[in-house]
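Undergrad: Make a model of this:
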Amino acid sequence: MEPVVQNLGFMSFIDQGDFVTKALFVILIVMSVLSWLVIFLKFFQGIVDKIKGKKFCADFWAAKNLTDAAKLVSAKPHTAQESLAKEGFQALQKYQSGISNIQGNGTREEYLTSVLRVTLDKIQLTIENGVTILATIAATAPFVGLFGTVWGIYHALIEIGSTGAGTIDKVAGPVGEALIMTGLGLAVAIPAVMAHSWLVRRNRLQMGYLDSFAFELLAVLDRAPATKSQANPNA
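TA: Numbering: from 1, shown residues only. Below you'll find the predicted structure:
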């Protein structure tokens with residue numbers, strides 16, 4: 001009689017696993033899907049924001065005066081630079097019309113600086129969406145895979161103890177299950193780590209560009225005599 005050849009494919013090891021193994025496998029798959037979803041969304045969002053931001057900056061700084069520049073700012077800004085410009089124009093209008101609270105106790109430059117800084121902080125929170133997800137997946141996926149590995153080795157030891165033999169046909173399933181969980185955990189974590197580092201660097205560069213734009217915008221708004229029509233394009 002010919003020996004029965006066991007199927008040692010990837011899914012066969014998962015099928016042989018118990019509820020815990022399959023649950024860990026599903027968790028790692030969900031982590032991988034979330035990770036790649038964030039990566040693709042952030043990648044394409046970054047391209048769109050870069051193109052729109054460059055176009056707005058070029059048109060904004062090409063304007064002859066504040067009135068022409070204000071006309072470029074829409075009611076619902078499409079870029080971070082446009083949001084800064086809108087908040088700056090509105091802050092200038094409020095200061096010109098008189099602020100009846102503690103924010104208006106300082107000079108115009110101090111008030112505009114405060115408004116632009118708050119806007120920059122809000123923009124930073126927005127562009128950092130998804131970074132925490134990648135960091136969490138990068139940190140936890142290897143441990144989820146490691147837990148699956150330990151669980152597989154445990155099954156292998158139980159099989160050896162119950163049969164009294166450590167032959168390959170007895171331990172191949174549990175050991176293969178353990179190795180697969182290790183590899184799957186690393187396969188999920190490595191792209192997440194690389195994407196997290198890339199996003200952190202890109203966000204740092206983007207915030208640097210926005211800081212420069214806010215500084216130049218502050219200088220323009222602080223020294224220019226503004227009217228209501230100039231200061232609030234969406235009033």
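
Undergrad: which SS state does the spatially closest residue to Gly152 that is not a sequence neighbour fall under?
TA: Leaving aside its chain neighbours, Gly152 sits nearest to Ala178 (2.7 Å; criterion: Cβ to Cβ, 6 or more residues apart in numbering). Backbone N, C-alpha and C define where each C-beta goes, glycine included. With DSSP: H, G, I helix; E, B strand; the rest coil as the basis, Ala178 sits in helix.

Undergrad: which residues touch Ala178?
TA: Gly148, Thr149, Val150, Trp151, Gly152, Ile153, His155, Ala156 (Cβ atoms under 8 Å, 6 or more residues apart in numbering).

Undergrad: so the fourth one, which of the three states?
TA: If I follow you right, that is Trp151. Of the three states, Trp151 takes helix according to three-state DSSP.

Undergrad: Now do it against Glu216, distance only.
TA: The gap separating Trp151 from Glu216 is 58 Å, by Cβ to Cβ, to the nearest Å.

Undergrad: who has more neighbours, the two?
TA: Trp151 (19 against 13; other Cβ atoms under 10 Å).

Undergrad: Now do the contacts for the more buried one.
TA: Taking Cβ under 8 Å, 6+ apart, one finds Val20, Thr21, Leu24, Glu177, Ala178, Met181 in contact with Trp151.

Undergrad: and the second one, how many residues sit next to it?
TA: Using other Cβ under 10 Å, Thr21 has 23 other residues around it.

Undergrad: element containing it, please.
TA: helix 19-62 (DSSP states H and E).

Undergrad: helices and strands around that helix, which ones?
TA: helix 10-16, helix 80-97, helix 131-163, helix 168-223 (3 or more Cβ pairs under 8 Å, 6 or more residues apart in numbering; DSSP states H and E).

Undergrad: Could you check the angle it makes with helix 168-223?
TA: If you take axes from the mean of the first three to the mean of the last three Cα atoms, to 10 degrees, helix 19-62 sits at 20 degrees to helix 168-223.

Undergrad: Sketch out the low-pLDDT regions of this structure for me.
TA: For the chain, applying pLDDT under 70 flags the ranges 1-17, 98-106, 159-176, 224-235.

Undergrad: Mind listing what's buried along whichever helix or strand comes after the helix holding Thr21?
TA: Where DSSP H and E defines the elements, the next helix or strand beyond helix 19-62 is helix 66-71. Residues of helix 66-71 classed as buried by neighbour count (16 or more other Cβ atoms under 10 Å): Leu66, Ala69, Ala70.

Undergrad: out of those residues, who's nearest Leu120?
TA: Checking these against Leu120 by Cβ to Cβ gives Ala69 as the nearest, at 19.1 Å.

Undergrad: isn't the closest one right next to Phe56, touching?
TA: No. Applying Cβ atoms under 8 Å, one finds Ala69 not in contact with Phe56, separated by 10.5 Å.

Undergrad: Not counting residues beside it along the chain, what's closest to the most centrally placed residue in the chain?
TA: Among the residues of the chain, the one closest to the centroid is Gly130, at 2.7 Å (Cα atoms, centre = their mean). Excluding the flanking residues, the one nearest Gly130 by Cβ to Cβ, 6+ apart is Val38, at 4.3 Å.

Undergrad: Tell me which residues touch that neighbour, please.
TA: Neighbours of Val38 in contact, by Cβ under 8 Å, 6+ apart: Gly130, Ile133, Leu134, Ala195.
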